[in-house]
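A.B. asks: sequence first, predicted model second:
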2 protein chains.
Amino acid sequence: MKVICNQSEIMGALNIALRAVSSKTSLPILECFLLEAKGEELVITTNDMELGIETKILCRVDNPGRIAVNARIFSDIIRKLPEEVVFLETDSNYVMYITCGKAKFKISGVSGEEFPMLPIGSKENAVTISQFTLKDMIAKTIFAISANDNTAIMTGENFEIKDGKLRVVAMDGHRIGIRNTELREEYKESNTIIPGKTLLEISKILSGNMDDKVDIYFMDKQVLFEFDKTVVLSRLIEGKYFPINPMLNSAYTTKITVNKKEISDCLDRALLLVKESEKRPVILDIKNGVMSLSINSSLGTMNEELEIIKDGDDLTICFNPKFLVDAFRAIDDETITLFMNGVKNPCFIRDANDTYIYLILPVISFVG
Amino acid sequence: MKVICNQSEIMGALNIALRAVSSKTSLPILECFLLEAKGEELVITTNDMELGIETKILCRVDNPGRIAVNARIFSDIIRKLPEEVVFLETDSNYVMYITCGKAKFKISGVSGEEFPMLPIGSKENAVTISQFTLKDMIAKTIFAISANDNTAIMTGENFEIKDGKLRVVAMDGHRIGIRNTELREEYKESNTIIPGKTLLEISKILSGNMDDKVDIYFMDKQVLFEFDKTVVLSRLIEGKYFPINPMLNSAYTTKITVNKKEISDCLDRALLLVKESEKRPVILDIKNGVMSLSINSSLGTMNEELEIIKDGDDLTICFNPKFLVDAFRAIDDETITLFMNGVKNPCFIRDANDTYIYLILPVISFVG
C-alpha cells in the first residue's frame, strides 16, 4: 500500500474511527485501524464487536493494499505531524513508513486479513433526519437510561417510528425521558432498542448541523447510521421495550409553572448539601403563588422560596433533586410546567406539543 | 458574629484561602476556614501546618466574632449563591446562617479557639519584586524539582539573594533549572529552600501582573509572602542546598543554535514512541548545518532532520527527551543555544545574560 493524503483530512477520519476502538480487549486486532487503500480512497475501519465504524477520505493511491495498525499509536503520530502532505507506505512485512515533511516514522502493523469486517447487510428503507435533531434527541434523553446492567433493555434507548413520528424513550425505573419529532415522510413502522454506548459515541461524531442529514437503517438485529463519509453499525439490544403509553396521561390535581433558571439555580444550591452516599430528597411545598424548596442533610439545611403560578390543589411532595435537575437541563424553554397527581403518583414535565415529556417518580417514604 | 458582604468578594477570598486547606488530615479543624469579623473586615485563615494563608475583605460587621466552618461546604455554598449581598450570622451554638436573596442555608461550625493560628513572627527586610516575576520564575523552574522525597532539599527550590540578584534553582539529580533576576535595591544576603508545594500554591494565587508587587520576608525557619490583602506563610526545608556554582562553566566543544518551535515539535513526535514504563533516549546526531534526531522503541522508530547553526565539533549524544522538552517549554526565546562538552558532560541551555540556565545530563549508557 502506498498512499498520499492530507494530514488534517486523515486526522479527522481517524478521530471518527477511534470511537469504535476497544480499550479493554484481549484481541489485539480490535485495538487496530484497518486501513484499506483502493481506487482514490483510503477507507478506515474499526470494530469493537458492539459498534463498528467505517469512514473514508479521498487521497492519491499509488499502490492499493490493506494493513491493520495499532489505533492509538497511529493516531497519536498523525496528530502530531505538521499540517502537510502525509506519505503512508507499507512493505511486505507489514511495516508502515509514515513520512511528513522531514519527519520519518516506522511502526509495525499486521495483516488486515484477521480484522473482523463489519457485517453490513442490505440497506433498505432509510429514515432520514437532520444530524442536529438526532444529536439533540439523544442528548436530551440519554441521562435517563440505566447505568445498571441488570435490566439490559434499560441500558438502551427505545427508537420508535410510527405515524410519521420518531419517538425516543429512555428510562431507569425511577424516571422516563421522552422526545418526539415529526418526520418529513411516512416511514415503515419500527421499534428498536439501541445501546446507550452506541448513542453516546454517535452523538460525538454527528456534526450537529441542521442542514446535514443522517440516514438511519433499522434492521433485524442491527442499526446502521450513514452520514457524510461515515457508516456506523451497531448491534441492537434484544427484547421488547416496556410499554410506556399506559403510563402517560394528562390528568393532574396540581399544576405549576415556574421560571426554569430560578428553579435550576435553587436546586443546584440544594444539591450542595447532598453527598454522593446520602440520598436526601428535596421537599417542594406548593401553595398559591409560591413554592418553597427545602432540604435537610448531615451537612446542613437549606430553604428557598420561588414564585410560581399554581393551578389546582396545594401539595407537599418530595423528589430526588438530581432527577429534577437532569430534566430541567434538557429543556430549552424559559418557563416549565409540572403536572402532579398527589404525593405518590408520577410528576410530568411536558410542553403543549409533547415535544418532550419527563416523568419523575416522587420519593414517598419521607412524606408524613 | 454578624457580617454583610458581597458574594463575589468573599468568593475571591475563599478561593485564595482554599489553597492551604488540608484534604487529607486527621484533624477536622484543618479542613476549616477560620472566619473572624472585626473592625470593618472579615479575615479568613487556613492552615495545613506546612502552609498558612490569611486573607481579608472589607465588609459591614454588625457583630464581631469568630467561627470555624468546613471549608469545602462553606465555599461550595457561597460559590452557588447569586451575585448579591450575603448575610452571615452565627448563634451561640456555632450554627451559621447564610442568607442571600431568597436562599437560606444553615450549617454547623465549631469554635475558632482550637484553630492553629499562623505563627507570624516579626516582619523585617522585605524583598519586593513584581508578582509577574515571581510567578514566572517559579513556572520556569518548578518542573525540575524532584518528586521523590528521598532527598528533601531537592523537593524545594533554592532562593538566593546576593549581589542585588534573586536566583531560583531547582534540581532533581539529572538536571538543573536556574532563573536569575536583577532586584531594584540591594538586599541582605539570604539563602533558603522553599517547599515545591508552597511555590505551586502561591503561583496559583499571584496575579501575574507586572505592576502588582509581592513582599517576601525570608525568616529563620519560615518564609512569608505578602501581597494584595493576602499573607502566605510557609515553613522552609531545613538543610544546605547543593553548591551548584562549581558545576556552571561556560566552556564547550560543540555549540548549536536551533529554532525552538521546530525542535520542540520534533521532540513531541519522538515522545509518542516512548511509553511511560520505557525510558528511551533521543539520539542527537550533530553535523555542520544539520542535526538528526532519532528514537527507537518497542512501538517503532522515528527520525527527523533539523537545520542548525553549529560551532565546534561534530557530536552524537543522547538525552532523555522529556528533559529537553521541559527546558524548551520554559524558554520564551525563538531560537535557543545548546552548549555541549562531549557525550558524558552536561549540556547547558542558556542565554547570553544567564537569565536562564538549564543543565541536562546526557544519557551515556546508549552511546557506543
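C.D. replies: Cool, got the structure.
A.B. asks: other residues contacting the host helix or strand of residue A:72?
C.D. replies: Taking DSSP states H and E as the definition, residue A:72 sits inside helix A:71-80. Surrounding helix A:71-80, the residues in contact under the criterion CB atoms under 8 Å, 6 or more residues apart in numbering or on different chains are A:7, A:10-11, A:14-15, A:17-18, A:21, A:31-33, A:46, A:86, A:96, A:98, A:105, A:107, B:265, B:268-269, B:272-273, B:299-300. Where you see a C-beta, it was placed from the backbone N, CA and C, and this is true even at glycine.
A.B. asks: narrow these to those that are buried.
C.D. replies: Using 16 or more other CB atoms under 10 Å in any protein chain shown as the burial test, those include A:7, A:10-11, A:14, A:17-18, A:21, A:31-33, A:46, A:86, A:96, A:98, A:105, A:107, B:265, B:269, B:272-273, B:299-300 as buried.
A.B. asks: restricted to helices, list these.
C.D. replies: In helices, judged by DSSP state H, the following of the buried ones among the contacts of helix A:71-80 are found: A:7, A:10-11, A:14, A:17, B:265, B:269.
A.B. asks: quick check: the two most widely separated of those?
C.D. replies: Comparing every pair within those by CB to CB identifies A:17 and B:265 as the most remote, at 24.7 Å.
A.B. asks: would you mind naming what in the stretch 251-368 of chain A lies close to chain B?
C.D. replies: Proximity of the stretch 251-368 of chain A to chain B is assessed by CB under 8 Å from any CB of the partner chain, with A:265-266, A:268-269, A:272-273, A:299-306 identified as the residues in range.
A.B. asks: pLDDT at the residue of the stretch 201-350 of chain A found nearest chain B, what is it?
C.D. replies: With CB to the nearest CB as the measure, the residue in the stretch 201-350 of chain A that lies nearest chain B is residue A:300; the distance is 3.5 Å. At residue A:300, the predicted lDDT confidence score is 92.
A.B. asks: what sits against the closest residue to it other than its chain neighbours?
C.D. replies: What sits nearest to residue A:300 in space, not counting adjacent residues and going by CB to CB, 6 or more residues apart in numbering or on different chains, is residue B:107, at 3.5 Å. Under the criterion of CB under 8 Å, 6+ apart, the contact list for residue B:107 reads A:299-300, B:69-70, B:73-74, B:77, B:95-96, B:98.
A.B. asks: just give me the least confident of the residues you listed.
C.D. replies: Comparing pLDDT over those, the lowest score belongs to residue A:299 (88).
A.B. asks: quick one: the strands in the stretch 251-368 of chain A?
C.D. replies: Taking DSSP state E, counting those that start in this stretch, the strands of the stretch 251-368 of chain A run over residues A:254-259, A:282-287, A:290-297, A:300-307, A:309-312, A:315-319, A:335-340, A:347-350, A:356-360.
A.B. asks: and the fifth one, what other elements does it pack with?
C.D. replies: It refers to strand A:309-312. In terms of contact count using 3 or more CB pairs under 8 Å, 6 or more residues apart in numbering or on different chains; DSSP states H and E, strand A:309-312 is assigned the packing partners strand A:254-259.
A.B. asks: and the ones in helices among the buried ones among the contacts of helix A:71-80, which is closest to residue A:353?
C.D. replies: Each of these was scored against residue A:353 by CB to CB, and residue A:17 proved nearest at 38.2 Å.
A.B. asks: correct me, but that closest one touches residue A:52?
C.D. replies: No: assessed by CB atoms under 8 Å, residue A:17 is found out of contact with residue A:52, at 9.8 Å.
A.B. asks: got any residues that touch both of the two?
C.D. replies: Common neighbours of residue A:17 and residue A:52, counting by CB under 8 Å, 6+ apart, are A:45-46.
A.B. asks: how about the secondary structure of the residue nearest to the spatial centre of chain A?
C.D. replies: Nearest to the mean C-alpha position of chain A, by CA atoms, centre = their mean, lies residue A:200 at 3.1 Å. When the structure is reduced to helix, strand and coil (DSSP: H, G, I helix; E, B strand; the rest coil), residue A:200 reads as helix.
A.B. asks: surely residue A:143 touches residue A:328?
C.D. replies: No: with contacts defined as CB under 8 Å, residue A:143 does not count as touching residue A:328, sitting 11.3 Å away.
A.B. asks: on that earlier part again, give me the buried positions along the helix holding residue A:72.
C.D. replies: Counting neighbours by 16+ other CB under 10 Å, the buried set in helix A:71-80 is A:71-78, A:80.
A.B. asks: repeat that for stretch A:150-160.
C.D. replies: Neighbour-count burial for stretch A:150-160, counted by 16+ other CB under 10 Å, picks out A:153-160.
A.B. asks: of all those residues, which two lie farthest apart?
C.D. replies: Distance extremes for the buried residues of stretch A:150-160: the farthest pair is A:155 and A:160 at 17.4 Å, using CB to CB.
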